[in-house]
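Visitor: Have a look; sequence and predicted model below, questions after that.
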Amino acid sequence: MSISNIKEEFPIFNNKIHNNDLVYLDSANSSQKPQSVIERVNEFYTNEFSNTGRSVHYLAVAATNLYENTRSSVQKYINAKDKNEIVFTKGATEAINLVANTYGQKFLDEGDEILITELEHHSNYVPWHFLRKSKGIKIEFAEINNDGEITVESIEKKITSKTKLIAITHLSNVTGAILPVKEITELAHSKGIAVLVDGCQGAPHLKLDMQDIDCDFYAISCHKMYGPTGLGVLYAKKKWLEELPPYQGGGGMINDVTKDSITYGDLPNKYEAGTMATAQVIAFDQSIKFLEKIGIENMIKHEKELIEYGQEILRKNNSVKLIGSPKNRAAVLSFTIEGVHPHDIATILDEDGVAIRAGHHCCQILHDKLGISASARASLGVYNTKEDLDQLNSSINNCKKIFNL
Amino acid sequence: MNIKELYQEIILEHGKNPRNLRKTENFNKDAKGNNPLCGDNVHIFLKLDEDKKVQDVSFEGSGCAISMASASIMTDLMKGKEEIEVKEIVNDFLCMIKENPELKSKNLEEDEKTKLMCLSGVKQYPMRVKCATLSWHTLISAIDNKPEEINTEGVD
């Protein structure tokens, strides 16, 4: 599969938006879906549907095998040691809430500290805030530098004898900074601290190797990875999944139930209560196949060229101010235009079929730190081209013209 | 609809140089509002005299051109109106922004109606309606002395 004509794999690009070709630059929010993923959902419901893991009839067995097959594909894709370290959730948000809830319940006490960063998405802050309210834990924030990066040193500075867990993004959804998660994990482990990586933006753009990063938890959002909505993955080291209590109670996660006592199922069933997003899980296998067919190295190379080109043309554009200049950047270009509010930028760009996001991108802490209430964000997917970025630039110029800049 | 019908000259001008962007001295009513989706926020200050007439109304805050222009035009035209008239005008404006093709209020002069109709373009942009209505909801909240902050997610 060649990247040069990859748009053909995505039927959405056959549509016109306000009579223009779609220039989709909102993949950090959610990516578009290739035909193979869309077809897989349809095929499953049309010819193969059954619930998994319960009944013994033909369809149930086949569906269960397909479901478990995706688990194996994910394991392989992220190089986890064990298939049972892959837990399906309704999203990355639920994956982080699962850890906050179970780890918090068992291992955190009043005065313990969770260390996060100023780059974090609300989904990697609010679940910890719940523990601050319920258990009296403290939340510390590692600070960004002037380039919008988080360094190992900035993490080290905030570690105390009370730090129990470090929860950090792999790739900032605002500055595009790639965090040195492997080095941070090494440092944390040397001090007996566990590490959770929010991989929402990292997973769709970076090579994933859980055994190399060695983090304890890694959260993935499947809909940002050319997969269906309503699905996430929590990677957790087996020792944690064995040691932590279950998250939600219900069918499928139990072993033995009596009026007096309940025992829980084996991994990973212990964490997958109720009927799961079966069709989505099965279709997600096609997302992984899609990424494998392109080749992760090819994708990284393509997106690196794009991000460099995007930075180059936006830096040349007067009155556009890029947010952050991390040395190690991927997929995200956030910016402001002096004199035009990001929401007005987004509405005007939309008229040309250019889809970007405006707002605080669920990172209010970061925007407060930067002293702005909102920013505009163009984010990349594997289907984007230099022409898309040229169109972005020319629509920005149109926007400046409307505002008499 | 052309984008220039949304961003008419009068909106751009009010957005760039909002009127009454300050804090009324000795205000006797105020309320805050925010739009969590955009991060837009507004704080309305109102001074009613003994006859419940608007002696002054002003606002502080930040937001997009639509929300700033809307607050600017609103505060400009409410001065001198009676509290009951203000409420009627707000209601009329909100109905117009949602569905009514025109403004019906007898408490608005023709030129005031013309100015407000410049904001009618947001009807075509459902995600932006909240930008135009935030300051109006907040003004009502100030008049009614509602203690809680107006949040556009809670109103339509």
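Guide: Ah, there it is. Residues are numbered from 1 along each chain as shown, chains lettered A, B, ... in the order given.
Visitor: Name the secondary structure element that contains residue A:195.
Guide: Using DSSP states H and E, residue A:195 falls within strand A:194-198.
Visitor: and that strand, which residues are buried?
Guide: For strand A:194-198, the neighbour count (16 or more other CB atoms under 10 Å in any protein chain shown) marks A:194, A:195, A:196, A:197, A:198 as buried. All C-beta spots, glycine's among them, are computed from the backbone N, C-alpha and C.
Visitor: so what's the first one up against?
Guide: It stands for residue A:194. A:103, A:164, A:165, A:166, A:188, A:216, A:217, A:240 (CB atoms under 8 Å, 6 or more residues apart in numbering or on different chains).
Visitor: ok, how many other residues are close to residue 134?
Guide: I went with chain A, as the question did not name one. For residue A:134, the neighbour count with other CB atoms under 10 Å in any protein chain shown is 11.
Visitor: try again with chain B
Guide: Neighbours of residue B:134 under the rule other CB under 10 Å: 28.
Visitor: Can you check the pLDDT for it?
Guide: In this prediction, residue B:134 carries a pLDDT score of 95.
Visitor: quick one, what contacts it?
Guide: By CB under 8 Å, 6+ apart, the neighbours of residue B:134 are B:33, B:34, B:35, B:40, B:42, B:63, B:67, B:70, B:71, B:150, B:152.
Visitor: from those, which is closest to chain A?
Guide: Among the contacts of residue B:134, residue B:63 lies closest to chain A (CB to the nearest CB), at 6.5 Å.
Visitor: That closest one contacts residue B:37, doesn't it?
Guide: No - taking contacts as CB atoms under 8 Å, residue B:63 lies outside contact range of residue B:37: 11.5 Å.
Visitor: Among these two, which residue is more densely surrounded?
Guide: Legend: neighbour count by other CB under 10 Å for residue B:63 and residue B:37, higher for residue B:63 (27 against 16).
Visitor: can you pull the contacts of residue A:403?
Guide: A:339, A:340, A:344, B:7, B:12, B:65.
Visitor: could you redo the last one with a cut-off of 6 Å?
Guide: Neighbour list for residue A:403: residue A:340 [criterion: CB atoms under 6 Å, 6 or more residues apart in numbering or on different chains].
Visitor: ok, now how distant is it from residue A:10?
Guide: Separation of residue A:403 from residue A:10 (CB to CB, to the nearest Å): 33 Å.
Visitor: swap in residue A:276?
Guide: Separation of residue A:276 from residue A:10 (CB to CB): 26 Å.
Visitor: Looking only at neighbour counts, state which of those two leads.
Guide: More neighbours surround residue A:10 than the other of residue A:276 and residue A:10, with 22 against 19 (other CB under 10 Å).
Visitor: Against residue A:185, how distant is the closest residue to chain A within chain B?
Guide: Nearest to chain A in chain B, going by CB to the nearest CB, is residue B:64, at a distance of 3.7 Å. Distance of residue B:64 to residue A:185, computed by CB to CB: 41 Å.
Visitor: The two: which is more packed in?
Guide: Higher neighbour count among residue B:64 and residue A:185: residue B:64, with 27 against 21, using other CB under 10 Å.
Visitor: thought the more buried one was touching residue A:345?
Guide: No - distance between residue B:64 and residue A:345: 9.0 Å, which falls outside the contact criterion (CB atoms under 6 Å).
Visitor: rewinding a little: elements contacting the following helix or strand past the strand holding residue A:195?
Guide: Per DSSP H and E, the first helix or strand lying C-terminal to strand A:194-198 is helix A:202-205. Here helix A:202-205 touches no other helix or strand, going by 3 or more CB pairs under 6 Å, 6 or more residues apart in numbering or on different chains; DSSP states H and E.
Visitor: if we can go back for a sec, nearest to residue A:177, of the contacts of residue B:134?
Guide: Nearest to residue A:177 out of the contacts of residue B:134 is residue B:40 (CB to CB; 26.9 Å).
Visitor: Look up the pLDDT of the closest residue to the closest one other than its chain neighbours for me, please.
Guide: Leaving aside its sequence neighbours, residue B:40 sits nearest to residue B:63 (CB to CB, 6 or more residues apart in numbering or on different chains; 3.4 Å). In the prediction, the pLDDT value recorded for residue B:63 is 92.
Visitor: Return the per-residue confidence for residue 112.
Guide: Assuming you mean chain A. Residue A:112 is assigned 98 on the pLDDT scale.
Visitor: actually it's chain B I care about, not the one you picked
Guide: For residue B:112, the model assigns a pLDDT of 94.
Visitor: So which elements touch the one helix or strand in chain B whose mean pLDDT sits lowest?
Guide: Within chain B, no helix or strand scores below strand B:150-151, which has a mean of 74 by mean pLDDT, DSSP states H and E. Applying 3+ CB pairs under 6 Å, 6+ apart, one finds that strand B:150-151 makes contact with helix B:129-143.
Visitor: still on that earlier bit, and the residue of chain B closest to chain A, what is it in contact with?
Guide: Counting by CB under 6 Å, 6+ apart, residue B:64 touches A:341, A:343, A:344, B:131.
Visitor: Likewise for residue A:275?
Guide: Neighbouring residues of residue A:275 by CB under 6 Å, 6+ apart: residue A:51.
Visitor: Format the contacts of residue B:134 as CSV; extra columns: distance to residue B:136 and secondary structure.
Guide: Output for the contacts of residue B:134, formatted as CSV (distance: CB to CB, whole Å; DSSP: H, G, I helix; E, B strand; the rest coil):
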residue, distance to residue B:136, secondary structure
B:33, 9, strand
B:34, 14, strand
B:35, 12, strand
B:40, 13, strand
B:42, 10, strand
B:63, 13, coil
B:67, 10, helix
B:70, 7, helix
B:71, 9, helix
B:150, 10, strand
B:152, 11, coil
